[in-house]
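1. build the 3D model from these lines:
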Amino acid sequence: MREVQQKGREVRPGRRFNAFVDNEVVEDYSLRYAPRSFRRWSEYAVATAALGGIAYLVDFAIGGSLAVTHGFSSAVWGILVAAVTIFLTGIPIAYYSARYNIDMDLLTRGAGFGYLGSTITSLVYASFTFIFFSLEASVMAQAITLFTGIPIWVSYVVSAFVVIPLVVFGMTLLSKFQMWTQPVWFVLIALPFLAVLVKDPGAYARFTGFGGTAGSPSFDLIGFGLAAGVALSLIAQIGEQADYLRFMPQKTAENSRRWWAAVLSAGPGWVILGALKQLGGAFLAFYIFSAVGPEKAVEPIEQFVRGFELIIPNGFWALAVATLLVVLSQLKINVTNAYAGSLAWSNFFSRVFHWHPGRVWWVFLNVGIALTLMLFGVFGFLNFVLGFYSNLAIAWIGAVVADLVINKPLLKVSPSYIEFKRAHLHNINPVGFGAMLAGAAVSIPAFFGVFGDYAQAFSPYLALVVAFVLSPILAVATRGRYYIARGGSTAEILEGDEARYATRTCGRCGRRYEIPDMAYCTFHESDICSLCCTLERSCHDSCKQPVRITRKPGVDTA
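-> Purely as a prediction, here's the structure:
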């Protein structure tokens, strides 16, 4: 076992990681800042990989369900307003993630939540990944069962576990998989709509008169609010986009336009495609409603089979092409769900238990939970599950966005940079954490009807407004004292400095990491990487006690 000499102390054994953690192609810097040495992809490659995961078809199920339940006007306006909300909240998150090369969890830590405060949001984010994994895999399973005739539970198992081999190698394999499959997906997804345009062009005009089970296509305020709330449940998707955007190359004067185009398209821009798919699902549900009934009309496989039958007379081949589209689409998104979930679980367990067996193991946990939800029939409760979840997710996102767009640049009570390391953060920052809890505490009772029908319909927006408004109030009230636990942050000192890409040696594991990933450990009296700092059990955060630290972070070029 490697030993590391500590200044003024006895020799302590160095930390050793298992093979999964040591292999960064597999580990994918799941708990760290993504160093420049690992970010080998172009702006285009990162954006393509990020947008590849937006191929999922549950948007068609959501749009179809909203149209069938609330009618044309309420569903369409709900989808559009939710899309605008998601786009605006996604811009600052995408920028800071790409600028500081950190994932959503590390971003949340430094955006008003604190080191342990973001533990709750890790669970919220992890739940997003396995809820949507289960919904997406359910769509795939419906297609497999319809095509092969095997029992649905067998299709659930196949749909869940087929993604695991693709996720093991992280961004290295996912970027290739998304790029290779993108052209085929675009062609297949467009064909049914082009077929309707050619064969039955009047259908698009008739769609505006679709009343669904509500019986009326006219606008209803409560129906609009409920529709927007369901669509708004996708707001946490920006976290999965950030998991890719953290691999963006450094922004320079030469690549500035490409960099911004990639960040905006692959960050908040995902919702443009998402809203179009929801509208497409609403249209296809209307188109087949009279033929298959309300329950089948919201299933993407039924929607596309009927669409492909317009141009493929043979029913078997129409079903085969529709199944190919569904399987391809759901693989593209569920590799992202499983990957993002593994990052979220890694962050949660490393902080709570100071234990990190490797990102790969948490892929199995995420897939296992998703499979359990599928077997319990989560797809049948689509609107309720997504409506309830959106109250939690948007309170979290609202608090983070308020910190990024108000507390940092305007009020300047929050540091201009993102500090994510345990050594420099308070465990709980009441600014973001308190704002999120308050938003959820108001919106969840509203969701269950405690404050009346209108508050119930707009409960996700209550969460957004409360969290967004309360965050700067708390920041001013606390005078920003809970953002940074001690001075000497390398992120602060090296902001915009080329020296930040030099490396230093961790005194615990003996490996070299770039400066933003390093801190000075007063317990071991040596430099320490962010992961070793996270996993340290014995120090009891002694570096944050009121002692004077004279050692300033510098660049070790040895």
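2. so, low pLDDT: which residues of the stretch 301-450 of the chain?
-> Low-confidence segments of the stretch 301-450 of the chain, defined by pLDDT under 70, span residues 356, 358, 378-383.
3. show me the strands in it, by range?
-> Applying DSSP state E, counting those that start in this stretch to the stretch 301-450 of the chain gives no strands.
4. in it, which spans are helices?
-> All helices of the stretch 301-450 of the chain, identified by DSSP state H, counting those that start in this stretch, fall at 315-353, 359-375, 382-402, 430-447.
5. which strands and helices sit next to the third one?
-> Spelled out, that is helix 382-402. Using 3 or more C-beta pairs under 8 Å, 6 or more residues apart in numbering; DSSP states H and E, the elements in contact with helix 382-402 are helix 58-70, helix 72-100, helix 104-108, helix 117-148, helix 221-232, helix 430-447, helix 459-477. Quick note: C-beta positions are derived from backbone N, CA and C, even for glycine.
6. got CSV for the ones you listed, with mean neighbour count and distance to residue 544 too?
-> Listed next are these as CSV, based on neighbours: other C-beta atoms under 10 Å; distance: least, C-beta to C-beta, whole Å:
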stretch, mean neighbour count, distance to residue 544
helix 58-70, 28, 43
helix 72-100, 22, 22
helix 104-108, 29, 18
helix 117-148, 24, 15
helix 221-232, 25, 37
helix 430-447, 24, 16
helix 459-477, 23, 20
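7. weakest of those helices by average pLDDT?
-> When the helices and strands packed on helix 382-402 are compared on average pLDDT, helix 117-148 comes out lowest at a mean of 84.
8. distance from the chain centre to that one, please.
-> 12 Å (C-alpha atoms, centre = their mean, to the nearest Å).
9. that one to helix 430-447, inter-axis angle?
-> Computed with axes from the mean of the first three to the mean of the last three C-alpha atoms, to 10 degrees, the direction of helix 117-148 lies at 50 degrees from that of helix 430-447.
10. tell me the first helix or strand C-terminal of helix 117-148.
-> Scanning the chain past helix 117-148 towards its C-terminal end, the next helix or strand to appear is helix 152-161 (assignment: DSSP states H and E).
11. which parts of that following helix are buried?
-> Of the residues in helix 152-161, 155, 156, 158, 159, 160 count as buried by neighbour count, 16 or more other C-beta atoms under 10 Å.
12. report the buried residues of the helix or strand that comes right after that helix.
-> Next along the chain after helix 152-161, taking DSSP H and E as the criterion, comes helix 164-167. With burial defined by 16+ other C-beta under 10 Å, the residues of helix 164-167 counted as buried are 164, 166, 167.
13. check what contacts helix 164-167 and list those residues.
-> Counting by C-beta atoms under 8 Å, 6 or more residues apart in numbering, helix 164-167 makes contact with 173, 174, 177, 331, 335, 338, 339, 342, 363, 364, 367, all of which sit outside it.
14. apply 7 Å and report the result again.
-> Applying C-beta atoms under 7 Å, 6 or more residues apart in numbering, the set of residues contacting helix 164-167 from outside is 173, 177, 335, 338, 339, 363, 367.
15. ok so, going back, so can I have CSV of the helices and strands packed on helix 382-402 showing distance to residue 321?
-> Rendered in CSV, the data for the helices and strands packed on helix 382-402 read as follows (distance: least, C-beta to C-beta, whole Å):
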stretch, distance to residue 321
helix 58-70, 16
helix 72-100, 27
helix 104-108, 36
helix 117-148, 10
helix 221-232, 28
helix 430-447, 40
helix 459-477, 37
